[in-house]
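1. no sequence on hand, only this structure:
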DNA sequence: GCCGTTTTCGGCCCGACTGTTTTCAGTCG
């Protein structure tokens, strides 16, 4: 784990434990803010001295000293003291929806509960209902929340949430009262995983009936909250969906608010306060006379605060507000900028569609070029041979003519455990584009894995490192390697890093993209398509790139073919050095 | 604990919903 993540986790734990101990809520917020700031800070924390740490927004002298202590000794004394006071299991209870620090503290002090099993036992014995502020209903809700947490657990991939949300949006849009509807929250920010789905609707007449309709839709399993303007339900598949209904006149303010992130909104509202204004989901108001300044249009809210409209994919309080104030927001890459897909498989290896179908699909996407990159022989189950590859290559000129799209011949090479690649250098030199990826031996040491990736990056003919961390959302953790060493080498050797758009990969992720950018790395946003329909996944890859602040010019597959070919030539004109 | 062309002290985003309350605390996003 990167030192920034370790530090952020320690600060977050500090915040949680102070909160449970009944400490000053503002101190809690300070540590939470510092945790977020540290996690999102581009430079490695270990490379910063005390002044460098204090230069991080939301990190002051106290936190800086704690971070230095953590680096030097491996722990923070203040945190150790809290550990002595707060039982280890108590913090985990904060993960239960509806159970916050106050009540966690209460059940610990009054009933001695400090773990999930103890809490379940107390629920079973109906002890909680007798506590001050509790009743039978709170007890039942808590039991339900625990059950739901255990059933549903984590987050779902972006693509799954987007499917559900688009379906619900279409259904609710059909109601005559609903004049506008869209999804908001982390879905609109296009995070790679989604916890729950936030929907926003505008209805001036009879908003209550919209709520009624929403709460009684067939896919609703149970209703968690049902108010006149805000409701939460859990679908039969265990996905929580929140719907908020507002008057059309406040659409922009409400959309801004419900898109978040929470951290971004706090920053924006602080700006408003400093300007003598107040921002809520109902609009931007002047404090002294309550005059409404903006509400219908999201861009107007930002404009009234002296900011350009900030794209939702940037709204994480990771420097976008400062950049907006300085008019330095990046000109983000868009789906329409993508000129071709450079990672596509066919049924020659493990794809489902034939070569002709895949090329035709790429042409239908309006691409000017695409690359066919079937697997190579080291992936033995793919049964690839040199002859098969050459035969495939021989068919490409005809396809280019027929579909009006330049078809590049490539291959997805396997990076062996020792960093070796498929085929000999002479044959490799004959491809237009080479993607190299790790497909096995994920558990190597950090040193071995770094060496392995560097070997592929340093190879004179490798153009793109495919799905660099090999993570699979919810199934396989990322491999461990020296990120900065690898990114630095990629930038130096003009080797692109892939932003793999396949929904359960999204690899590299937004944080790593941003860090790679700082090293001057360029990217290839590719779908790794194994079927015709997979080409549509490009939107998810573009979202990751946007969340990593990437501009179109930093993505090689937005470039005109001539420029792309110059990049792909890499060092093919030089004799291999090994 | 952090931060400052309002401030080195005194603020710190804002509102909805729930369940428990006779006016509000806790939690969430």
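-> Nice, thanks for sending it over. Everything numeric in this text was worked out from a predicted model, so none of it was measured.
2. can you map out the strands along the stretch 451-578 of chain A?
-> A:464-465, A:496-500, A:523-526 (DSSP state E, counting those that start in this stretch).
3. residue A:302 and residue A:333, how far apart?
-> 21 Å (Cβ to Cβ, to the nearest Å). The C-beta positions use only the backbone N, C-alpha and C, and glycine is treated the same way.
4. and those two? Which one has more around it.
-> Taking other Cβ atoms under 10 Å, residue A:302 and residue A:333 do not tie; residue A:333 has more neighbours (26 against 20).
5. how about the nearest residue to the residue of chain A found nearest DNA strand B, chain neighbours excluded?
-> Closest contact between chain A and DNA strand B, by Cβ to the nearest atom of the strand, is at residue A:135 (1.9 Å). Once flanking residues are discounted, residue A:135 sits nearest to residue A:129: 5.7 Å by Cβ to Cβ, 6 or more residues apart in numbering.
6. what's the burial count for the one you found?
-> Counted with other Cβ under 10 Å, residue A:129 comes out at 14.
7. that one against residue A:139, yeah?
-> Yes: Residue A:129 sits in contact with residue A:139 when judged by Cβ atoms under 8 Å, with a separation of 4.7 Å.
8. can you give me the helices for the stretch 301-450 of chain A?
-> A:320-325, A:355-364, A:386-403, A:425-428, A:446-458 (DSSP state H, counting those that start in this stretch).
9. correction: the previous question concerned the stretch 451-578 of chain A.
-> A:483-492, A:510-518, A:538-547, A:561-569.
10. now tell me what touches the last one from outside.
-> Pointing back at helix A:561-569 there. If you take Cβ atoms under 8 Å, 6 or more residues apart in numbering as the criterion, helix A:561-569 is touched by A:339-340, A:368-369, A:406, A:408, A:432-433, A:463, A:494, A:496, A:522, A:556-557, A:559.
11. show me what counts as buried in it.
-> Using 16 or more other Cβ atoms under 10 Å as the test for burial, helix A:561-569 gives A:564, A:567-568.
12. could you find the closest non-adjacent residue to residue A:169?
-> residue A:181 (5.4 Å).
13. now swap in residue A:114 and tell me
-> residue A:87 (3.5 Å).
14. so what's that neighbour up against?
-> Applying Cβ under 8 Å, 6+ apart, the residues near residue A:87 are A:108, A:114-115.
15. C-terminal to the lowest-mean-pLDDT helix or strand in chain A, what's the next element?
-> Every helix and strand of chain A was ranked by mean pLDDT, DSSP states H and E. The lowest is helix A:136-152, at a mean of 81. The first helix or strand that comes after helix A:136-152 along the chain, using DSSP states H and E, is strand A:156-157.
16. so what touches the helix or strand following that next one?
-> Later in the chain than strand A:156-157, the nearest helix or strand by DSSP H and E is helix A:158-173. The contact list for helix A:158-173 (Cβ under 8 Å, 6+ apart) reads A:178, A:181-183, A:187, A:190-194, A:197, A:199, A:201, A:210, A:213-214, A:217, A:235, A:237, A:239, A:241, A:243, A:503, A:506, A:537, A:540, A:543.
17. repeat that with 7 Å
-> Helix A:158-173 is contacted by residues A:178, A:181-183, A:187, A:190-194, A:197, A:199, A:201, A:214, A:217, A:239, A:241, A:503, A:540 when judged by Cβ atoms under 7 Å, 6 or more residues apart in numbering.
18. pull up the residues of the stretch 51-200 of chain A that are close to DNA strand B.
-> A:54, A:57-64, A:96-104, A:129, A:132-139, A:141, A:185, A:195-196, A:198 (Cβ under 7 Å from any atom of the strand).
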